[in-house]
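Visitor: next come a sequence and a model predicted from it.
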Amino acid sequence: MSTKPTTTDLEWTELDRRAVDTARVLAMDSVQKVGNGHPGTAMSLAPAAYVLFQKLMRHDPSDAQWTGRDRFILSVGHTSLTLYTQLYLAGYGLELSDLEAFRTWGSKTPGHPEHGHTVGVETTTGPLGQGVANAVGMAMAARYERGLYDPEAAAGTSPFDHTIYAVAGDGCLQEGISAEASSLAGHQKLGNLVLLWDDNHISIEGDTETAVSEDTLKRYEAYGWHVQRVEQAPDGDLDPYALYEALKAAKAETERPSFIAARSIIAWPAPNAQNTEAAHGSALGADEVAATKEVLGFDPEKSFAVEDEVIAHTREALDRGREARAAWEKTFAAWRTANPERAATFDRVRAGELPEGWQDKLPAFETGKAVATRAASGKVLQALGEVIPELWGGSADLAGSNNTTIDKTSSFLPEGNPLPEASPYGRTVHYGIREHAMGSTMNGIALHGNTRIYGGTFLVFSDYMRPAVRLAALMKAPVTYVWTHDSIGLGEDGPTHQPVEHLSALRAIPGLNIVRPADANETVIAWAEILKRHDKGAPHGLALTRQGVPTYEANEEAAKGGYVLFDAEGPDGQATTPQVVLIGTGSEVQLAVEAREQLQAAGVPARVVSMPSVEWFEEQDQAYKDSVLPPAVKARVAVEAGIGLTWYRYVGDAGRIVSLEHFGASADAKVLFREFGFTADAVVTAARESLEAAAR
């Protein structure tokens, strides 16, 4: 460790030094015991993580969900031990036995940090760069939260003021997601965001000179960030004093996000493994672990050894945390007294409840009229925006097409932005053409809590968001995607913009609910159900049409994912057992309805099932599902303008699927549907084939 400079107020004792070295030893031992993992970065980053958790951050290990806490995001998730050792030392509930169980079945210390699995882990990180974008989203959420509950307070005086700290590695900054998100953060002037770059020059393939030669600090300056460089201590270690001063300066910078580059030596101070790619992702080996312990003054014969004085010292974080929370609660109580209406809103939002009477604001659409479901979605957002202030969001530069502008007079933009609707607490988010960053920042916003977020783009561009969507599903983050232009029905833009495989591919993500409403009224019901499900913890993707589709009578059973839209009728016009069931979603439901009319006219009783959400339908009990899709009725047809992968389990051996198993083309939507066989006649033909197959 370096000598304490005269310009810092950091209190750094021999016990602090010993605690940092203990974290290093625990990282080595944890990886060595399981035989795999990433020890090197956890060793070199130990001083930085310790300074944050023990000297700087406002947090309370006894209450990991405290609203007023600072957030810590470890974007470089493979060095999970960087976080786990600090959670153990600070008293978040991890103990030595958990570190000994690192990366094993059922442990609290999986290979990468997982939100909801380990107390103190704010987000799931693994795919590099995602944590950077999550942190940007949390910083955005903190600002919007402040605008909801305490907008008039002077900077730094509100109980809703806190700082988002993130640690990123070389790999995080090479991934494009971090560039998108960092650009957005600079544009938004997120002064509550601090990003520490572990500049260790090592990746799996060796020195990062193999792949990177840019000036990263100048890049972040160009993004509009406040940039600092922290040099190594004379012995090559990270300098806790220099780190502390840089982090303090970053926290004091409230007009721009802050970027701190800290040059480190991976696996420091291992005599032979330091500064090698092997130390990145492999156990150091028993001999090197022993040699490193000797360098640090630890007994090489002991593993997972923590001195009583060290753990007693670091667990003082519990006392400091309780004191910090108690002081915050006094400020919070004063705010409550001064702002009773806002406090009531905060309590409601915190509890996951919606305002009384919100459903009265939902629009209703006249039957028979053709309305694009994207337009219906826009009407829902504008109507609910008046009564659900915590609902906010926008689009990746496609708001006019997505109909995602919740308030045209209020844009989430920083002070100094020249647009007349700009407000740091604005309602409508302009993500720019950054779909991936939009998805990941939305995850951060959702994880931050106390608001409800949505974001839109074309369905085909969900490909650009997919890593973030997958993580949202993994974390059960309640984000809502407004994906429009959901089929070849978007028309002349052609196959590059026409989603074909996307619905099936998205349905393949466990925990993601895809909702493709048939009409405007189903869209209203879908939005209402998504809002009701917020606290169940699941992301939702709305797939909406560009083109107008017929409007049917509203049926609340649409919220069950699948229901009987039009039942089979006998010659007397009374409901009867269907001979064939026609299943449709979205814009193709109308084809099933038209086909039913033809079949009924020909004396074939046919039922139309609208199935806006396969996932919601699968949640229902078997009795309900059987009432919609009677097991005895083997003749079935599913129709959807995409690949048919979803539908085989519903149509069975005798069933038929009217689908699109190739890319689209550039032409008018009506022409495309006709040329590619999406007609009522095609559904009728498929129904007759299915009836014949069922009769064999």
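Guide: Perfect, I can see it now. Residues are numbered from 1 along each chain as shown.

Visitor: all contacts plus neighbour counts: C-alpha atoms, from now on.
Guide: Fine.

Visitor: could you tell me how many residues sit around H187?
Guide: Other residues near H187 number 17, with proximity taken as other Cα atoms under 10 Å.

Visitor: doesn't it belong to a helix?
Guide: Yes - secondary structure of H187, determined by DSSP: H, G, I helix; E, B strand; the rest coil: located in a helix.

Visitor: isn't S182 up against Y223?
Guide: Yes - A contact is recorded between S182 and Y223 when judged using Cα atoms under 8 Å, the distance being 6.9 Å.

Visitor: which residues in the stretch 401-550 of the chain form strands?
Guide: Counting by DSSP state E, counting those that start in this stretch, the stretch 401-550 of the chain has these strands, from start to end: 411-412, 422-423, 428-430, 452-458, 480-484, 513-515, 540-543, 548-550.

Visitor: mean neighbour count and mean pLDDT added to those strands, as TSV?
Guide: Compiled in TSV, the strands of the stretch 401-550 of the chain are given as follows (neighbours: other Cα atoms under 10 Å; pLDDT from 0 to 100):
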stretch	mean neighbour count	mean pLDDT
strand 411-412	23	98
strand 422-423	19	97
strand 428-430	25	98
strand 452-458	26	98
strand 480-484	27	98
strand 513-515	26	98
strand 540-543	27	98
strand 548-550	19	98
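
Visitor: just name the shakiest helix or strand of the chain by mean pLDDT.
Guide: Counting by mean pLDDT, DSSP states H and E, the chain has its least confident helix or strand at strand 202-203, which shows a mean of 78.

Visitor: quick one: end-to-end distance for stretch 492-512.
Guide: 30 Å (Cα to Cα, to the nearest Å).

Visitor: now do the buried residues in that stretch.
Guide: Neighbour-count burial for stretch 492-512 flags 492, 494-495, 497-504, 506-507, 509, 511-512 (criterion: 16 or more other Cα atoms under 10 Å).

Visitor: quick one: average pLDDT of it?
Guide: Per-residue pLDDT values over stretch 492-512 give a mean of 98.

Visitor: for stretch 386-405, same thing?
Guide: Per-residue pLDDT values across stretch 386-405 average out to 97.

Visitor: with only the CA atoms kept, save the longest helix belonging to the chain in PDB.
Guide: Counting residues, the longest helix found in the chain (DSSP state H) is helix 316-338. Listed next in PDB are the C-alpha coordinates belonging to helix 316-338 (Å, rounded to 0.1, in the frame of the first residue of the first chain):
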ATOM      1  CA  GLU A 316     -18.600  -1.900  11.800                       C
ATOM      2  CA  ALA A 317     -20.200  -1.100   8.400                       C
ATOM      3  CA  LEU A 318     -23.400  -2.400  10.000                       C
ATOM      4  CA  ASP A 319     -23.300   0.300  12.700                       C
ATOM      5  CA  ARG A 320     -22.300   3.000  10.200                       C
ATOM      6  CA  GLY A 321     -25.100   1.800   7.900                       C
ATOM      7  CA  ARG A 322     -27.800   2.000  10.600                       C
ATOM      8  CA  GLU A 323     -26.600   5.500  11.600                       C
ATOM      9  CA  ALA A 324     -26.700   6.600   8.000                       C
ATOM     10  CA  ARG A 325     -30.200   5.200   7.500                       C
ATOM     11  CA  ALA A 326     -31.400   6.700  10.800                       C
ATOM     12  CA  ALA A 327     -30.100  10.100   9.600                       C
ATOM     13  CA  TRP A 328     -31.800   9.700   6.300                       C
ATOM     14  CA  GLU A 329     -35.100   8.600   7.900                       C
ATOM     15  CA  LYS A 330     -35.200  11.900   9.800                       C
ATOM     16  CA  THR A 331     -34.800  13.800   6.500                       C
ATOM     17  CA  PHE A 332     -37.400  11.500   4.900                       C
ATOM     18  CA  ALA A 333     -39.800  12.100   7.800                       C
ATOM     19  CA  ALA A 334     -39.500  15.900   7.400                       C
ATOM     20  CA  TRP A 335     -40.200  15.400   3.700                       C
ATOM     21  CA  ARG A 336     -43.300  13.400   4.500                       C
ATOM     22  CA  THR A 337     -44.600  16.100   6.700                       C
ATOM     23  CA  ALA A 338     -44.000  18.800   4.200                       C
END
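
Visitor: contacts for that helix?
Guide: By Cα atoms under 8 Å, 6 or more residues apart in numbering, the list of residues contacting helix 316-338 from outside reads 54, 58-62, 66, 68, 90-91, 158-159, 342-343.

Visitor: residue contacts, A278?
Guide: The neighbourhood of A278, defined by Cα under 8 Å, 6+ apart, consists of I204, L284.

Visitor: ok, then the element right after the longest helix of the chain?
Guide: Under the assignment DSSP states H and E, the closest C-terminal helix or strand after helix 316-338 is helix 340-350.

Visitor: in three-state terms, label the nearest residue to L503 once chain neighbours are set aside for me.
Guide: Computed as Cα to Cα, 6 or more residues apart in numbering, the closest residue to L503 that is not its neighbour in sequence is G642, at 7.2 Å. Put simply, G642 is coil when judged by three-state DSSP.

Visitor: tell me the pLDDT at I204?
Guide: If you check I204, the pLDDT there is 79.

Visitor: as TSV, the strands of the stretch 401-550 of the chain with distance to N402 would be great.
Guide: Output for the strands of the stretch 401-550 of the chain, formatted as TSV (distance: least, Cα to Cα, whole Å):
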stretch	distance to N402
strand 411-412	16
strand 422-423	20
strand 428-430	12
strand 452-458	6
strand 480-484	6
strand 513-515	16
strand 540-543	11
strand 548-550	14
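
Visitor: out of these, nearest to P631?
Guide: Put simply, out of those the one that sits nearest P631 is strand 513-515, at 24.2 Å, with distance taken as Cα to Cα.

Visitor: parallel or antiparallel, which strands does the least confident helix or strand of the chain pair with?
Guide: For strand 202-203, the pairing partners within the sheet under DSSP bridges are strand 206-207 (antiparallel).

Visitor: contacts for the strand it pairs with?
Guide: Counting by Cα under 8 Å, 6+ apart, H201, T276, E277 sit against strand 206-207.

Visitor: using JSON lines, lay out the residues you listed together with distance to E435, neighbour count and pLDDT.
Guide: Below are the contacts of strand 206-207 laid out as JSON lines (distance: Cα to Cα, whole Å; neighbours: other Cα atoms under 10 Å; pLDDT from 0 to 100):
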{"residue": "H201", "distance to E435": "29", "neighbour count": "21", "pLDDT": "82"}
{"residue": "T276", "distance to E435": "36", "neighbour count": "19", "pLDDT": "89"}
{"residue": "E277", "distance to E435": "33", "neighbour count": "20", "pLDDT": "85"}
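
Visitor: make TSV out of the residues you listed and add distance to D621.
Guide: Listed next are the contacts of strand 206-207 as TSV, based on distance: Cα to Cα, whole Å:
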residue	distance to D621
H201	55
T276	56
E277	53
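
Visitor: of those residues, closest to I260?
Guide: Of all the contacts of strand 206-207, I260 sits closest to H201, with 15.2 Å by Cα to Cα.

Visitor: you'd agree the closest one is up against D170?
Guide: Yes - with contact taken as Cα under 8 Å, H201 and D170 are classed as touching, separated by 7.0 Å.

Visitor: residues shared between the contacts of these two?
Guide: Once Cα under 8 Å, 6+ apart is applied, the residues that H201 and D170 both contact turn out to be T208.

Visitor: sketch out the low-pLDDT regions of the protein for me.
Guide: Judged by pLDDT under 70, the chain has its weakly predicted residues at 1-7.
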